[in-house]
Each structure stands twice: as C-alpha cells, then as structure tokens.
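Novice: I'd like to go over a predicted model; first the sequence, then the structure.
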Amino acid sequence: MPLTANLDLLTPEFALAGLAFLVFAADLVLPEGRKHWLGWLSVAGLLALIAVSVIMLWGVEETLYNGLLAVDDFSLWFKVLFMVIGVFIILSSMDFVSERLEHQGEFYGIVLFSVLGMNVMAQSRELLTAYIALELLSFSLYVLAAYARDNAKSNESGLKYIIIGAFSSAILLYGVSMVYGVLGVTKFEAIAAGLAAIPDTGAVSPSLWVGVALILVGLGFKVAAVPFHMWAPDVYEGAPYPITAYLSIGSKAAAFALVLRLAAEGFVPVGDRWEQWQLILAVLAAVTMLVGNLVALAQRNLKRLMAYSSIGHSGFILAGVAALSLDSNLPSNGVMLYLVGYSATNFVVFGGLISFFNMTGKEMMSDLAGLGGTQPFLAASIAIGMFSLAGLPIFAGFAIKFYLFTAVADEGFLWLAGLAVFASLVSLYYYLQVVRQMYIEPAEGEPAYGHGYGYEHVDAEHGEQGAGHNESGEGDEPAPARRYGAAQFETHPALGRRPSVTVIAVLGAGLLAVFWIGVYPSPLLDTIEAASKAILS
Amino acid sequence: MLFQDVVFWLLTVVAVGSALGVVLIRDLFRAALLLVAVFVAVGGYFVLLNAEFLAVVQVLIYAGAISVLIIFAVMLTRDVQQGNPPNRLQIPAVALAALLLAALVTVAVDTQWSFLPEGERQSVELVQTAAVSDISPETLEQAGAAGESAAQGVGLADLLIGRFVLPFEAVSVLLLAALIGALALVRPRPAPQDARASGAESASESAGAGAAGSEAD
C-alpha cells in the first residue's frame, strides 16, 4: 500500500496547520488595534474545521502509514472536543489578550498549534508519534504559560513548566525505549501482541516492568497525578488566566485521550497482566483524588484552588482508566463523558473568573466577596460551575460522576468508587466556599450583610437566573441596584460595566452544555459509545 | 578483543569520572565542560558497538550543540557560578537516585534483550549498523530474507521519510511553534507611538498582584 493512500483523511490536520499560518500571516498586515480580528479568524476557522471533520470522517475507520495513525470514531470524537475547547479558550481569552498581553497573532497561532498537537495525539497508535504530538502540545503550552512576560510569576510559571515538562518527557522516552528494547515494537497493538506472547508461566522481564512504569510516570506528570503533581499549582497560578483554563481543560483531555487509547489498545487486551497494572492505576487514582481534594481545602488563591481541583478530577478520571476492560465499554464511556462534562463546567467557571479578573485584576478567593451583588450573571455562572464541579444534581457534574463511579464499581473497584464519592464530598466544602464568598461575605469595607442567605436559597435563585439567560440568550442584566456589594464598585469601577457580549455568549453556551449534560446526556452517550467501540474491540 | 576491552575501560573511566565531576564540582562552568567529556565518551561507546551513525549524532548534537547551549546559558546568567546550595532534601534525593540506579542496573543486567521477533531484530540491527555506508546488495538481500518488515527498514533515512514521515513532519511543526514562541517571548514590544499599545501597557502595569513593573522603553 503506498504511503500516500488515504492521505485525504488528514485534511483537518493539514487545514489546521494552514489556519495557524494564515493567522501568523494576517498578523503581519493587520494594523495594531485590529489584532483581535485574528481571534475571530481562528474561531471561524476552527468552527469550519469541526464541520469539515464531522462531515468527512463520520463513521470512517481507516489507518494511515502502516497503522501509525487511526482515523476512527475515537479520533473524531476527541478531535471535535479539542477544537471546541480551542474555540472556547480563544473566545474567553480575547478580552484578556487584547488588554494585557502583547503579540496577539502569535498567541492565537500557538493555541492553534497546540490544538493540532492534541488532535494528532488522539489519533496516534504508536508511541513515537504520540510522543511528538505530545511535545507539540507541551511546547505550545510552555510558551503560552510564560506569555505575560512582564509578570514575574508568569515567567516563573513558564520556566517551571518547561523544566518539569522536559524532565517528564525524558522519563516517558526512557520508558518507551525500554519497552522497545524488550518487545521491539512501538505500535500499541503490537505491544499488546508482544505482551500476550510472553508465556503465562514465565516471568515478565524486569525491564518491561520498568519501561511500562516509566511511561506511566511520564504520563502521570502530564495529567498531574499525585505524586507527580507538584508543578501544577505553581504553573497554574503564574500562567495567564485563559492559559490556566487551557491547562486544566485542554492539556488534561489530550493526555487522557492518549492514556485511554494506549491502555485500551496496548494493555487491556493482555488479560491477566492488565489486572496487575489495573491495581497500580487504581492506587494512583485513589491517592490523586484524596490529595488533590484535601489540599484544595487550604487554598486561598483561586488559580491554585482550581489547580488542586483539577488534580482531584484527574484522580476520578484515572479511576475510570483503571477500570477499563474488554467486557464492557462503560469505564471508557465514563472517562469520555467525564472529560466533556468537566470541560464544559470549567468553561463556565473559568469564563466567569477570567471576566472578573479582567475587571479587577484580582485572583484571591476573598476578592470575590460581594460579586453576587455587583455582577449577578458572572456570580451565578461561577456558582453553577462550582456546584457542577462538586457533583450536585441537575448539573453536568452529577451525571458524569454518577456514570463514571457506577462504571468503576461495576468493574469490581467498589472501594475506589466509595473513595471517589468521599473525595467529591470533601470537594463540596471548598467549592461552596467560593459560592459563599460571592453571595454571603461582605465586600471589603462594607458592614456584614446577607447572612440570612442559605445555600439552597442561593442555589435556587441564581440557578434560575442562569438558566433564564440561556433560554433567552440575551445578556441585559439589570444594573445592580442593591446596596449589597456597593463597596466593590468604589474599588473597582470596572465592575459596574456589563460583561461583553462575547463573555455572555461563552458563558451562556457553557451553561447550556452543563445543564444539557446534567439532564439529558444520552445523545452524547451514543457518540461516546461509538468512540469506545473503536478502541475496545 | 583485548584492544576493545582496553578502550572500553578507558572510556568508562572517563565517562564515570567526568559524570561524578559534573555533580560534585561547584563551579558550573567547569561542570558544563566535564559534561562535554561525558558526551564524547558515550559517543565512544557507540563506536565500540558498531553504531557509527549514533556516535556521530551523539558528538554533533550533544557534545556540540547542547553543551554550547548550556555554556552560553551559564555565561549569560549572573550569580550562578556556585550552583545550588545544599538543602534539606539532599539526603532523600541521594537515596532516591541510588535506588533508581540500583533498579536500572538490575534491569539492564537481568533482561534478556533478545526477546525481539527475528525479523524485527534484524531490521533494528540493520538500522543501527547500515545507516551510514554499509548498505550493499548483500545486506539488502539478507534483509529481504529476514522478512518483509526488515526489508522496509533498511536505513534510518528510509524509515524517517517512509513509514515515519508523519512524526517527522510533526517535528518540523513543533520546531516552528518553538521558534515563533521564543520570538514572541523576547521580541521588543510594538512602537510606543501607537496609542492602543501604550494603553495596553499601562493596563498590564496596573494588573494583578505580583506583576513585575514593566521595563521602561
């Protein structure tokens, strides 16, 4: 078969790289002040590519380059997810970028490159291809984390990220080389065949164990699983706000896409040996969810809080990976559903927080005090996002956690599912702390007010508000007339402004997704089922 | 055989000695120079293993490019002459490193590295040995006899622009992204007469806690 066969199946990737070049080229000719058009160009391009991918690749099941790449439903599903993430990140970073960062063209172009890296990651069925795609994503993120170059914290964040990233990549590569040294192959399915060929009675050679362990460690760094999570809080805190969102949504989803395909095609088919590795993964998941959620309790900085929260969610997703098996698609469905629900929820939370930061430049939890009065829509969005992250019903968080934990328990990891429920319960505390800050704590320099509010009350009232927004799709919040939070206006006059239409649209779409996944996920589950079938067969 | 043994032990003394020096010497600049010695010695190992191509790549990239990069970074940075002061994690770090070393040595000694399927192993050997100049009709014929997979993997170059052309192309995108990113991080900001740019600058100056004052220019 010639190598150029089926090359047209890569059209979305070629077009995405082309789109990035187009953005760089347009950056040269656009005058200063029009640069935000580049953001719109990227968004339009990504939306077009989503449409093209779905139309071209729906139901296609082919491989390219001798099985190096798979174009199947799994790839398509993740590709669409990544491009939607790209659209959301670019939309919610536009205000931030034009106000606070320089070199906007490069910013959007590098975001597009990172989406390209994620797309290739989801498609690769071979360790080296996956590694290079992972590096493309990582390099883009290193640059983006340091993008606020006048900010010492951002520089520190970029530096820490690149050092830890290079370190973890080296570990990953070392593991790959050991696996290659023993089995002589790097394709996932060939790894599975090689592992299956080892006789059951014979011991697995120690270098294979070490190689797989090193790969696990390297990927553990990328998904910020405990004990390889130390970098995450510092990097998240220093990175520009939209990039913090991107790190916690995009890079996590991409790393798990790779983990899922590697586990499902390379290790699950091996049978007995997969069961041994399952236990290791389960312990890793348990430690990750506990440490992430417990340490989050002590956080006062919103970005650090979200960092530890994302570590905790990594633990939940890892539990799903640990439960993968050939008998049932439920765990892999659960992981994918979790990723999409988690992404939608984080769009909402970060959309609100980024908008708040644009108005005030503050990122501590205590700075949110009084936001319920000054910016009711933002506060309601953040609150709904927090409820969803904690896993309360109606919102996406409940549906995804319910599905995933049930799947984990079904596969015989009852203790892990119980632990996950306990960890979610712990997380409720710090998520509600944020809500409490916004609705109950008085703003600085203001007498205590609003202590009569109960959580249920806040939930009901503002949940409705957010929902109402979705349906009407318009954003004209009445100017805040209440005295509550008035002191915030004096310190931050920008809080009197209405959020821009883009912000409202992003938040509205995010809220819609959160409610949709929370109430009626079954159409989504159909597509996920097809994707699971592509890797587990 | 004897000659090879002598060379091997010479290389080993140089490699291990220099590697210890890299870790133990306080002066970063000298440590960087010793690192070059380690790289060259490892290149020597590759020659002993008949992997000339890897040896050349090792010397060109590691001893050449990467060491120069490190030395430049040391020269351009103030106050790094003395390296890191010892801290309270030193003992655990040493213990962990020793443990890892023990594990890796055990693994390297214990493993039967010949678990490769026959055809694949031949192709690997061919890639390692024949990449530079050895490709002759005879070796190709042997490779053909070893099976189709081996025939496809005649040389590194064939692999790179054959089966692995996609990752190869992805590397070029990766390098481009790194290049553009590096430029974006160090390029001077737009000219100050632009009203919007200066507005953005003052906004970023008043930005959140911890923002370093922007450099005057």
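Specialist: That came through, no problem.

Novice: Any stretches of chain B with poor pLDDT?
Specialist: Chain B contains residues with pLDDT under 70 at B:1, B:79-86, B:112-154, B:189-217.

Novice: mind listing the helices for it?
Specialist: Using DSSP state H, the helices of chain B run over B:2-24, B:28-48, B:52-57, B:67-76, B:90-110, B:118-129, B:137-145, B:148-152, B:156-161, B:165-186, B:195-205.

Novice: how about those in a markdown table, adding mean neighbour count?
Specialist: Bear in mind the C-beta positions are built from the backbone N, C-alpha and C, glycine included. Formatted as a markdown table, the helices of chain B follow (neighbours: other Cβ atoms under 10 Å in any protein chain shown):
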| stretch | mean neighbour count |
| --- | --- |
| helix B:2-24 | 13 |
| helix B:28-48 | 18 |
| helix B:52-57 | 18 |
| helix B:67-76 | 13 |
| helix B:90-110 | 11 |
| helix B:118-129 | 18 |
| helix B:137-145 | 13 |
| helix B:148-152 | 16 |
| helix B:156-161 | 14 |
| helix B:165-186 | 18 |
| helix B:195-205 | 15 |
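
Novice: Please name whichever of those helices is nearest to chain A.
Specialist: Within the helices of chain B, the stretch nearest chain A is helix B:165-186; the backing value is 3.0 Å (Cβ to the nearest Cβ).

Novice: Can you list the helices and strands that that closest one packs against?
Specialist: helix A:104-123, helix A:127-145 (3 or more Cβ pairs under 8 Å, 6 or more residues apart in numbering or on different chains; DSSP states H and E).

Novice: ranking the ones you listed by burial, who's on top?
Specialist: helix A:104-123 (a mean of 28; mean count of other Cβ atoms under 10 Å in any protein chain shown).

Novice: Out of the helices of chain B, which gets nearest to A:Asn293?
Specialist: helix B:90-110 (25.9 Å; Cβ to Cβ).

Novice: what about dumping the CA coordinates of the closest one to CSV?
Specialist: Extracted as CSV, the C-alpha positions of helix B:90-110 are listed here (Å, rounded to 0.1, in the frame of the first residue of the first chain):
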residue,chain,number,x,y,z
GLN,B,90,19.7,16.4,49.7
ILE,B,91,19.7,13.1,51.6
PRO,B,92,16.4,11.8,50.3
ALA,B,93,17.4,12.9,46.9
VAL,B,94,20.6,10.9,47.1
ALA,B,95,18.7,7.9,48.4
LEU,B,96,16.1,8.0,45.7
ALA,B,97,18.8,8.4,43.0
ALA,B,98,20.7,5.4,44.4
LEU,B,99,17.5,3.4,44.4
LEU,B,100,16.8,4.3,40.8
LEU,B,101,20.3,3.5,39.8
ALA,B,102,20.1,0.1,41.5
ALA,B,103,16.8,-0.7,39.8
LEU,B,104,18.1,0.4,36.4
VAL,B,105,21.3,-1.6,36.7
THR,B,106,19.4,-4.7,37.8
VAL,B,107,17.1,-4.3,34.9
ALA,B,108,19.9,-3.8,32.4
VAL,B,109,21.8,-6.9,33.7
ASP,B,110,18.8,-9.2,34.2
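
Novice: List the residues that contact A:Leu127.
Specialist: By Cβ atoms under 8 Å, 6 or more residues apart in numbering or on different chains, the contact set of A:Leu127 is A:176, A:179-180, A:186-188, A:215, A:262.

Novice: can you redo the helices and strands packed on helix B:165-186 as CSV with distance to A:Trp37 and mean pLDDT?
Specialist: As requested, these are exported to CSV (distance: least, Cβ to Cβ, whole Å; pLDDT from 0 to 100):
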stretch, distance to A:Trp37, mean pLDDT
helix A:104-123, 9, 93
helix A:127-145, 20, 94
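
Novice: Backbone torsions only: list them for the residue in the stretch 251-400 of chain A that chain B sits nearest to.
Specialist: Chain B sits closest to A:Gly361 of the stretch 251-400 of chain A, with a gap of 4.2 Å, by Cβ to the nearest Cβ. Backbone torsions of A:Gly361, given as degrees, to the nearest 10, read phi 70, psi 20.

Novice: A:Ala51: neighbour count?
Specialist: 12 (other Cβ atoms under 10 Å in any protein chain shown).
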